[in-house]
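> Coordinates for the following, if possible.
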Amino acid sequence: MCGGGAHGSIPDVTELQILDLTQQYRGGRRAVDSFTLTLRPGVLGLLGANGAGKSSLMRILATVTRPSSGRVLWDGVDIARRPGPLRRTVGYLPQDFGVHPQLTAREFLAYLAAAKGLRRRPARARIEELLDLVNLADAGGQRLGAMSGGMRQRVGIAQALLNDPALLIVDEPTVGLDPEERLRFGSLLSGLGAERIVVLSTHIVPDVAAGADRIAVMGGGRLLRHGSAEELLREAEGSVWELTVPADRLPPLRSRFLLGGTTRTPRGVRARVLSRHPPAAGAQPVPPRLEDAYLLLTAAAGRSAPGPAAEVTTW
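The predicted model follows:
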């Protein structure tokens, strides 16, 4: 799967400003809570557990829903008051992307191109370009119902790119994909981020570690931290330890500390413990991983309880 692909209509300067954005539902629950962030071309990995508010934020950015308060500015234009300029140049792959199983990939993309108002002849050329981009040039005549999940997700990316968007939003795109498909998908998004804003929403840490220029950690609807992977790792230095304990000592250890993972060995269970201080005699400091930094952030914000790394998927 290649990683380039725009045909040159993207503006030279694009900026998306999210200003004190809040989405509140009945009963007072805030799915998005005073979220502020400015995005420019590149890949932003929006990382958070299921229920952190990522999908609610993505729907607002894609102009599918309106916020309760706050503003989103696209090159200075408020998208709630004037959604047209962004809608003409946004590509969106929602988490629940649906397809018509009886249509072929080529027919489905032609249908969506017509719905987007693309002229027929340029649309046909664009579809062939995109099928090649997502490595489906030989499968364009295959019915969507017969495709694997990974292939359908690549069709989803193709439909999001039909209008050559300056803003590409993809929500949990790799859920259910095998490791090889995930790597291909990450490579594609990384290449696309060279000339547009790409927002990748996920709870899978390796997806953002592999291809994101910047990472925004979200929890409870709030922005907990924004920075590069290197910056997040520096904040976690000195807070990750490993020690090996008998299996019967694992539950007490789990009840006292946040664990970043466990591995069974012939000598017992090797536990990765996240703590600002040595958790026990014999614990050895180890370099942090991005998963560790993420868990420390969410725990410090009071968004996750001590226990195993159940809110983040790692490999």
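
> Show me the residue at the heart of the protein, geometrically.
Residue closest to the mean C-alpha point of the chain, counted by CA atoms, centre = their mean, is Ser201 at 2.2 Å.

> how about the helix or strand containing Arg152: buried residues?
Applying DSSP states H and E as the criterion places Arg152 in helix 149-160. Along helix 149-160, the positions that meet the burial threshold by neighbour count (16 or more other CB atoms under 10 Å) are Gly150, Met151, Arg152, Gln153, Arg154, Val155, Gly156, Ile157, Ala158, Gln159, Ala160. The C-beta positions use only the backbone N, C-alpha and C, and glycine is treated the same way.

> Leaving out the residues flanking it, which one is nearest to Asp78?
Counting by CB to CB, 6 or more residues apart in numbering, Arg71 is the residue found nearest to Asp78 once chain neighbours are left out, at 5.4 Å.

> Let's see the pLDDT reported for that neighbour.
Note for Arg71: predicted pLDDT of 97.

> Counting neighbours, what do you get for it?
14 (other CB atoms under 10 Å).

> does it sit in a helix, a strand or a coil?
Under the three-state scheme (DSSP: H, G, I helix; E, B strand; the rest coil), the conformation of Arg71 reads as strand.

> Repeat that for Arg276.
Under three-state DSSP, the three-state class of Arg276 is coil.

> residues in contact with Arg66?
Ile60, Ala80 (CB atoms under 8 Å, 6 or more residues apart in numbering).

> so how far is Ser275 from it?
Per CB to CB, to the nearest Å, Arg66 is found 43 Å from Ser275.

> Likewise for Ser56?
Here the distance between Ser56 and Ser275 works out to 32 Å (CB to CB).

> Counting neighbours, go ahead and name the busier of the two.
For the pair Ser56 and Ser275, the greater number of neighbours falls to Ser56 (21 against 17), based on other CB under 10 Å.

> Name the nearest residue to the more buried one, sequence neighbours excluded.
Sequence neighbours aside, Ala31 is the residue nearest to Ser56 in space, at 3.8 Å (criterion: CB to CB, 6+ apart).

> Quick check: that neighbour vs Leu16, distance?
In this view, Ala31 and Leu16 are 19 Å apart by CB to CB.

> for this protein, what are the low-confidence residue spans?
1-13, 176, 302-315 (pLDDT under 70).

> Strands of that one, residue ranges please.
Taking DSSP state E as the criterion, the chain contains strands spanning 16-24, 30-39, 42-47, 69-74, 77-78, 90-93, 167-171, 197-202, 214-219, 222-227, 240-245, 258-265, 268-274, 284-285.

> Touching the third one from outside, list them.
With CB under 8 Å, 6+ apart as the contact definition, strand 42-47 has outside contacts at 54, 57-58, 189-190, 192-193, 197-203, 205, 207-209, 211-218, 294.
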